[in-house]
Every structure is written in structure tokens, then in C-alpha cells.
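A.B. asks: Let me see the structure of the following:
(one chain, ligands or ions: 2)
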Amino acid sequence: MGSRMYPLLENLPPDFSEEPERPAFGISPNRLDVGALWATLPDEDKAMIGELALGMLCSGHTAGIADSEYDSIAARAATAAAFSFEEWMARAEMPATVESAIRDDLGFRIAEVLGPICRGCGCSDSDACEDGCAWADEAQTTCTACVAKAEAKARDDVTDFF
Ligand SMILES: [Zn+2]
Ligand SMILES: [Zn+2]
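C.D. replies: Numbering: from 1, shown residues only. Ligands and ions are numbered 1, 2, ... in the order given. Next up is the predicted model:
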């Protein structure tokens with residue numbers, strides 16, 4: 001009667017050890033043109049976002065030049081200031097215009113500045129897959145790592161069938 005000692009465990013779903021599935025909401029083929037979005041923002045949103053972005057830019061830039069050309073004391077303080085702006089960004093209420101621009105019915109709209117993205121895994125030229133990958137299609141929407149994974153899965157499925 002060991003199970004009586006752990007009554008809560010009886011209520012666990014049988015697949016508890018497996019990773020919970022997250023809703024499939026991937027990357028939209030429509031990219032985010034940040035410049036175009038900025039142009040549509042109301043002045044009050046521009047004021048808030050502009051101050052935030054400028055604060056990050058000034059603090060980050062100060063930290064960089066203070067560290068390399070002057071002294072690390074100012075760099076330390078400027079880095080802390082940059083983190084303060086980051087915290088402010090994390091707490092800031094996103095304007096509705098931004099909230100609705102970052103996704104559509106097909107998924108999240110990633111900023112165009114990143115360049116091509118693999119729709120299968122989210123890798124890009126700035127962030128390749130762990131064992132290295134290249135573009136598998138001319139349109140640059142799928143990487144070779146994802147193709148290899150799909151081929152391996154197809155082989156497994158065939159083996160399972162027989
Ligand atoms: Zn991929
Ligand atoms: Zn990849």
C-alpha cells in the first residue's frame with residue numbers, strides 16, 4: 001500500500017515526466033518593419049519609447065567608451081544605468097500599436113533586421129544551430145539541421161511501421 005503514503009502523486013497525469021507542449025504559435029512569414037511601425041506611432045508613444053531607447057543607447061555607449069578609453073569606474077556606473085533602462089523596458093506597458101504589430105494570425109513577426117529565419121527552429125545567420133547549419137532552400141526559410149531532423153524522423157516512422 002505504498003501509494004497511500006503519497007496521495008498527491010495519484011492525481012498526476014500519466015505523462016507528467018514529459019515536457020508540457022506549448023501552443024504552436026511560431027514565426028509569421030510577415031516580418032516587422034520597425035521603421036514603418038515607428039512612423040505610425042502616436043506622439044505620446046514615441047515620447048516614451050524614444051526616451052527609453054535613447055537612455056539605453058547613451059548608457060550603453062558611455063559604458064563602452066568609458067571602459068575602453070577612460071576608466072572602469074564610470075563604465076561600471078554606466079552599465080548599471082543601462083540595466084536600469086532595461087528594467088524600465090521590462091516593466092513598461094506596451095502601447096497597443098506595438099502589441100498588435102508584433103504578431104498576426106500566422107505567428108510572431110520578427111524584426112526584418114535579423115535577415116532570414118528558419119521557420120522550423122528559429123535559427124538565423126546571427127544564431128546558427130548548435131552543430132552548424134546552412135540554408136536548405138533558396139527562399140531561406142528552412143535550415144539543413146531541420147531537414148536532417150525531419151529525414152531522421154521519417155526514417156524512424158518507417159521503421160516503426162514495419
Ligand atoms: Zn532550422
Ligand atoms: Zn539552423
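A.B. asks: When you work out contacts or count neighbours from here on, use the C-alpha atoms and nothing else.
C.D. replies: Will do.
A.B. asks: Not counting residues beside it along the chain, what's closest to residue 124?
C.D. replies: Of all residues beyond its chain neighbours, the one nearest residue 124 is residue 117 (4.8 Å), with distances taken as CA to CA, 6 or more residues apart in numbering.
A.B. asks: anything in the worst-scoring helix or strand of the chain on mean pLDDT near ligand 1?
C.D. replies: Taking mean pLDDT, DSSP states H and E as the measure, the helices and strands of the chain show their lowest mean at helix 144-161, namely a mean of 88. Yes: interface with ligand 1: helix 144-161 contributes residue 146 (CA under 5 Å from the ion).
A.B. asks: Any chance you could list what contacts that helix?
C.D. replies: With CA atoms under 8 Å, 6 or more residues apart in numbering as the test, helix 144-161 has contacts from 120-121, 129, 132-136.
A.B. asks: again with stretch 127-138
C.D. replies: The list of residues contacting stretch 127-138 from outside it, by CA under 8 Å, 6+ apart, reads 123, 141-145, 147.
A.B. asks: overlap between the residues you listed and the residues near ligand 2?
C.D. replies: Checking the contacts of stretch 127-138 against ligand 2 by CA under 5 Å from the ion, the ones in range are 123, 143.
A.B. asks: Which parts of the protein are strands?
C.D. replies: Chain-ordered strands for the chain, with DSSP state E as the definition, fall at 103-104, 107-108.
A.B. asks: right, and these - which one's nearest ligand 2?
C.D. replies: Distances from ligand 2 to each of the strands of the chain were compared using CA to the ion; the shortest belongs to strand 107-108, at 18.2 Å.
A.B. asks: what's the closest of the contacts of stretch 127-138 to ligand 1?
C.D. replies: Taking these together and measuring to ligand 1 by CA to the ion, the closest member is residue 143, at 4.2 Å.
A.B. asks: what about the closest one, how many neighbours?
C.D. replies: 24 (other CA atoms under 10 Å).
A.B. asks: Measure how far the least confident helix or strand of the chain is from the centre of its chain, please.
C.D. replies: In this view, helix 144-161 has its centroid 27 Å away from the chain centroid, taken as CA atoms, centre = their mean, to the nearest Å.
A.B. asks: sorry, back to before: and the contacts of helix 144-161 near ligand 1, which?
C.D. replies: With CA under 5 Å from the ion as the criterion, the members of the contacts of helix 144-161 in contact with ligand 1 are 120-121.
A.B. asks: Would you list the buried entries among the contacts of helix 144-161?
C.D. replies: For the contacts of helix 144-161, a neighbour count by 16 or more other CA atoms under 10 Å gives the buried set as 121, 129, 133-136.
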